[in-house]
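[1] what's the 3D shape of this:
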Amino acid sequence: MDENPITPDKVNVNGIELSTIARLPAHLTAKKKRVLVSHPYVSALGGASTVAAWALQALRDEFDLTLATLRPVDCESVNQSFGTSLRDGDFALRQAPSYYRTALRYLPVQGALVELCIMMRWAKALDRQEHFDVIVSTNNEADFNRRAIQYVHYPWVYLPRPEIEMRWYHRIPGFLSLYRGWCARLAQCTNEGLRRNLWLANSSFVADKIKQAHGKEALILYPPVPGRFPPIPWEERRRAVVAVGRMSAIKRWEMAVEIVDLARRHGLDLGFTLICHKEDPEYGGRITALAESRPWFRILYDLSRDELAGEVARHRYGIHTMENEHFGIAPAEILRAGCITFVHNSGGPAEIVGYRPELTFSDAAEGAEKLATAASDPRLERELKSFVDSRRNCFSVERFCDGLREVVRNFE
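    As a prediction, this is how the structure comes out:
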């Protein structure tokens, strides 16, 4: 027997005594969990990509992180759009082999559900090869043949679908059920496989849809709303309304113009700024024509994250006119910038403004009336500004990142 047994206080590793190592927190000494994030396309546009990008940023330091996707990620453009600081070495990129993308390109019907189902097939194949500890879908429900975490923007199983998602071929009698059944078979997906997962919902509105469609309770984790909005004093802000979003008909920007138009008839000298990304040229032309005939209406395209944050924060009021938006990162951005934000009284945006009746509307006339009332009543304006300020941190990136890390850390 060794007369001088080695004891922890006599052994050093890289200058650290073993006895000290034993006292370190478990997450610093344990092997990192291997985490797979599954997302079809992490691009510089859209709420789902915002969540995916910030999920990667939230998990990159504490976990051994891999991204399964269908195409490469341009970290520079993603960072510029979402305020992340992702680098190529932050995660291992596993792009689907070319035959997955070829199959997707030649399928007779294109759409987000087909992309999600192709993504499920690829993530499952990758997991069989590499055996991850945790799988996280950041693009709605997914069946990975095992229990996983899924972040749901709007449950794809839920019927009927929102009108904005319907295409001409969905209206062919019997086609929608046939299409969805075929997609499920393509993904080798079952409702039972979806239901065994841990559910994260982007709002209580979506959590209610999950309950209706699947009978499952979901944890609510608001999406990250990026941007450091400068604290511009109220009296220095423009007496103007701002809106943010894609140049797409589903956003109903002509209603926003009408609301400001009607509010101006109350004798208020209000301006309107629309900040957006180009998407639908035909619709964009119609909105541009409205701006050309209204000197108080301007359109700003493709601003960087810092430019957007600074521009929004220079306005007193915000507006969001889309109906039944699943959550609405854009109205949450406007609220986080300290603007009094008016939204359609449906979907997630109504939740963002706390269902406050003074801030929700059902049509252009009601929206104009509420905007004009707030802008002409200093007492009400101060009260609404204080209310908005009380909700700004509900949607911060820090809150999202801390919440997601906690979920992944404790997932079994």
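
[2] tell me the centre residue of this protein?
    residue 47 (3.4 Å; C-alpha atoms, centre = their mean).

[3] who touches that one in this structure?
    153, 223, 326, 327, 328, 329 (C-beta atoms under 8 Å, 6 or more residues apart in numbering). C-beta: built from backbone N, CA, C; applies to glycine.

[4] likewise residue 251?
    With C-beta under 8 Å, 6+ apart, residue 251 has these contacts: 245, 276, 321, 322.

[5] from the contacts of residue 47, which single one is nearest residue 189?
    Closest approach between the contacts of residue 47 and residue 189, by C-beta to C-beta: residue 153, at 17.4 Å.

[6] now the closest one: how far from residue 367?
    25 Å (C-beta to C-beta, to the nearest Å).

[7] higher neighbour count, the two?
    residue 367 (26 against 20; other C-beta atoms under 10 Å).

[8] Residue 55: which element?
    helix 47-59 (DSSP states H and E).

[9] Which SSE is immediately downstream of that helix?
    Per DSSP H and E, the first helix or strand lying C-terminal to helix 47-59 is strand 64-69.

[10] Could you pull up the mean pLDDT of the helix or strand that that following strand is followed by?
    Sequence order places helix 75-82 as the next helix or strand after strand 64-69, per DSSP H and E. Averaging pLDDT along helix 75-82 gives 92.

[11] Show me what the following helix or strand past helix 75-82 packs onto, helices and strands only.
    Next in sequence after helix 75-82, counting helices and strands by DSSP H and E, comes strand 92-95. If you count contacts as 3 or more C-beta pairs under 8 Å, 6 or more residues apart in numbering; DSSP states H and E, strand 92-95 packs onto strand 64-69.

[12] Neighbouring strands - and their directions - for the strand it packs on?
    strand 34-38 (parallel), strand 92-95 (parallel) (DSSP bridges).

[13] Just the buried residues of the longest strand seen in the chain, please?
    Longest strand in the chain, counting residues (DSSP state E): strand 238-246. The neighbour-count check on strand 238-246 (16 or more other C-beta atoms under 10 Å) flags 240, 241, 242, 243, 244, 245, 246 as buried.

[14] Who is the first one paired with across the strands?
    For residue 240, the beta-bridge assignment (DSSP bridges) gives partners residue 271.

[15] Do I have it right that it meets residue 268?
    No. The pair residue 240 / residue 268 is not scored as a contact, 10.4 Å apart, by C-beta atoms under 8 Å.

[16] Nearest spatial neighbour of residue 298, chain-adjacent residues omitted?
    Using C-beta to C-beta, 6 or more residues apart in numbering and skipping the chain neighbours, the partner closest in space to residue 298 is residue 273 (5.5 Å).

[17] can you confirm the one you found is in a helix?
    No. Secondary structure of residue 273, determined by DSSP: H, G, I helix; E, B strand; the rest coil: strand, with no helix assignment.

[18] How many residues are close by it?
    Residues near residue 273, counting by other C-beta under 10 Å, number 20.

[19] cool, and the one 4 residues further on?
    Using other C-beta under 10 Å, residue 277 is surrounded by 16 other residues.

[20] Next one: it relative to residue 81, how far apart?
    According to C-beta to C-beta, residue 277 stands 9 Å off from residue 81.

[21] what touches both of these two?
    residue 45.

[22] Give the buried residues for stretch 347-359.
    Those would be 347, 348, 349, 350, 351, 352, 353, 356, 358, 359, for stretch 347-359 by 16+ other C-beta under 10 Å.

[23] ok, now which ones touch residue 301?
    With C-beta under 8 Å, 6+ apart, residue 301 has these contacts: 276, 277, 278.
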